[in-house]
Each structure stands twice: as structure tokens, then as C-alpha cells.
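J.: Sequence and predicted model, in that order:
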Amino acid sequence: MRKKLLMGNWKMNKTLSEALSFAKQTDEIIALAVKHNIDLGIAPTYLCLKDVKENVNENLIVSSQNVHFEDHGAFTGEISIPMLKDINIDWSIIGHSERRTYDNETDEKCNKKIIALIQNNMTPIYCVGETLTQFENGDTKKVIDTQIRNGLANLSSEQVKNLVIAYEPVWSIGTGKNASKEIAQDICKFIRDILLDMFGEVSQDIRILYGGSVKPENIKQYLSCPDVDGALVGGASLNIDSYKQLLINII
Ligand code: 13P
């Protein structure tokens, strides 16, 4: 049985004081998640990671939104895995569509990052998803197949067992146009079939999330799909009441 996972991706939102104010209100929500055997997490900006991590219960996953694949060097503006580990951060989102769009994040670069994270016993949340044009052209599965196979190249079945995948159709992110639960299930199942082909039975243990305009009002339908194991939520994870309601609505 795969454990449900609810992750908030804060993107470029919240000052340090705002992030800390949120962190200090999480005890009750975390206790609820633990009681119902649901993994709960947030991904603040780099600047807030250390303070947020130090001010939340250890049961809340605190994840980075990105990381560089090299340990150190001349990479201005980047953050490395040893830097994250030093502040006890052991999760990172990789390949979010906003990074693919604005920061030239390629499948090959994602693959290097995923390998580096796994070699350091960290958990990547690998994001895949098609653009509106690709969706309208009927190319969704072709795009997802390429992103999964290239992003997860050169990894063994043993290495991918803790990996998390997030299917986020780009046309649904921040637009209010969430995908239907039929689309979410169809693509998450398609992803699981690729994982089965690449890695065998471990595909049944890998968690696959849906993301894109997930709100308290619509989250339940996704979690009712057999191949959707949780949600990656942007806007609706920023407010503590709405974050709590997301959790309550999947219990
Ligand atoms: P929204 O929930 O704001 O659409 O963002 C989704 C997302 O990109 C999460 O990573």
C-alpha cells in the first residue's frame, strides 16, 4: 500500500517571517497527518529552508524546490546537495515546469540531479507534464514517455524505490483549469506502466502525485484514483487554513 503524500510547493512566495509564521502553526496539522498515515510536506524557498526546518515537527517533510548536481564549484546562484544535507533537508523537487520553461531545465539535467540526490540518500520529486499545445495536439503521452525515460535513465530498480513522480500538466498550473480525474488517472497509470517497463515490480511502490490547480474543493477526486498517490499543490498550500483543509478533505 503506497502512503499518501500531500506536498505544498511555495514557489517564489513568502518572506522568511511569513514562512516562519506558517511553520509555527503546523503542529495540529502534522499530528492529524501522522494519525491518518499521510505524509505531509512543504517546499519553501532556499532562503527559508533552514529556519522552517528548525521550527516544524520532524514529521513534516521540508523540501527544496531545486538543487544543482555538482557538490561545489563555479555555479553562481546555485545551491548544492551537501549544503542542503548540512541543514537536514533531504528532499528536492526536480524539473518543475516553471524551471523547464524559465531556466532551461532539460530532462538530461534533471537526470543528473536525480542521480546525485539518490546517491546521497535523498528523495527527488520528479515533475513531468505537457504544455497546452502538446495537450491539444494529442502529444501528452509521447511527451511524458520521453520525460520519464530520459529523466530516470541510468538508475536501477533498487535506486528508484523511494522516488516520487509528480504529473503536472502545464496548462493546469496556476490557471484554475485543473485536469479531470479521468485524465489524472490515465496519465498516472501510463507513468506507472513506463516505470514497470523500466524498473519492474518496484513501480508498484513509487508514488505518483497529481499537480495543477489542486484546491480543497477538488483534491478528493484525485486521491480516489487508483494510481494517484497524492498531490503537489501550489497556490492552495500557501495559506495555513487552506493547507489544512486540503489534508482534511483527503482523510
Ligand atoms: P497550482 O496549485 O498553483 O496550480 O501550482 C501547481 C504546481 O505547480 C505545484 O508544483
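T.: Perfect, thanks for sending it. Numbers count the residues shown, from 1 in each chain.

J.: which residues touch L152?
T.: N111, I114, Y126, V160, L163, L195, M198 (C-beta atoms under 8 Å, 6 or more residues apart in numbering). For the C-beta atoms, the positions are set from N, CA and C on the backbone; glycine is no exception.

J.: in this protein, which helix has the most residues?
T.: helix 181-199 (DSSP state H).

J.: Just after it, pick out the following helix or strand.
T.: strand 207-211 (DSSP states H and E).

J.: Would that next one count as contacting the ligand?
T.: Yes: under the criterion of C-beta under 6 Å from any ligand atom, strand 207-211 makes contact with the ligand via G211.

J.: Could you number the chain from 464 rather than 1 from now on?
T.: Sure, I'll start numbering at 464, so the last one becomes strand 670-674.

J.: How far does whatever helix or strand comes next after that strand sit from its chain's centre?
T.: Next in sequence after strand 670-674, counting helices and strands by DSSP H and E, comes helix 682-686. Relative to its chain's centre, helix 682-686 lies at 16 Å (C-alpha atoms, centre = their mean, to the nearest Å).

J.: before we move on, what about stretch 468-486?
T.: 14 Å.

J.: What lies in contact with it?
T.: 496, 501-508, 510-511, 514-515, 518-519, 524, 526, 528, 556, 559, 561, 588, 627, 629, 670, 672, 674, 692-697, 700-701, 703, 706, 709-710, 713.

J.: Who are the packing partners of the helix or strand hosting I493?
T.: Taking DSSP H and E as the criterion, I493 maps to helix 490-498. Helix 490-498 sits against strand 502-506, helix 703-711, with contacts defined as 3 or more C-beta pairs under 8 Å, 6 or more residues apart in numbering; DSSP states H and E.

J.: want to throw these into JSON lines with mean pLDDT?
T.: Shown next, in JSON lines, are those (pLDDT from 0 to 100):
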{"stretch": "strand 502-506", "mean pLDDT": "98"}
{"stretch": "helix 703-711", "mean pLDDT": "98"}
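
J.: between the ones you listed, which gets nearest to C688?
T.: With C-beta to C-beta as the criterion, C688 lies closest to helix 703-711 of the helices and strands packed on helix 490-498, at 16.1 Å.

J.: ok, the closest one near the ligand or not?
T.: No: applying C-beta under 6 Å from any ligand atom, one finds helix 703-711 separated from the ligand by no less than 10.1 Å.

J.: Would you mark the buried spots in stretch 665-683?
T.: 665-666, 668-679, 681-682 (16 or more other C-beta atoms under 10 Å).

J.: Close to the ligand: what parts of the stretch 464-613 of the chain are there?
T.: N472, H559.

J.: re earlier: single out the most deeply packed of the helices and strands packed on helix 490-498.
T.: Counting by mean count of other C-beta atoms under 10 Å, strand 502-506 has the highest mean neighbour count of the helices and strands packed on helix 490-498, with a mean of 24.

J.: Hey, what's the angle from it to strand 670-674? Just curious.
T.: 50 degrees (axes from the mean of the first three to the mean of the last three C-alpha atoms, to 10 degrees).

J.: Please identify the residues of the stretch 614-714 of the chain in proximity to the ligand?
T.: E631, I636, G637, G674, G675, S676, V677, L695, V696, G697, G698, A699.

J.: Present the residues you listed as JSON lines; the columns should include distance to M464 and pLDDT.
T.: Putting these into JSON lines (distance: C-beta to C-beta, whole Å; pLDDT from 0 to 100) gives the following:
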{"residue": "E631", "distance to M464": "24", "pLDDT": "98"}
{"residue": "I636", "distance to M464": "29", "pLDDT": "92"}
{"residue": "G637", "distance to M464": "32", "pLDDT": "90"}
{"residue": "G674", "distance to M464": "22", "pLDDT": "98"}
{"residue": "G675", "distance to M464": "25", "pLDDT": "97"}
{"residue": "S676", "distance to M464": "27", "pLDDT": "96"}
{"residue": "V677", "distance to M464": "22", "pLDDT": "97"}
{"residue": "L695", "distance to M464": "20", "pLDDT": "98"}
{"residue": "V696", "distance to M464": "22", "pLDDT": "98"}
{"residue": "G697", "distance to M464": "27", "pLDDT": "98"}
{"residue": "G698", "distance to M464": "30", "pLDDT": "98"}
{"residue": "A699", "distance to M464": "26", "pLDDT": "98"}
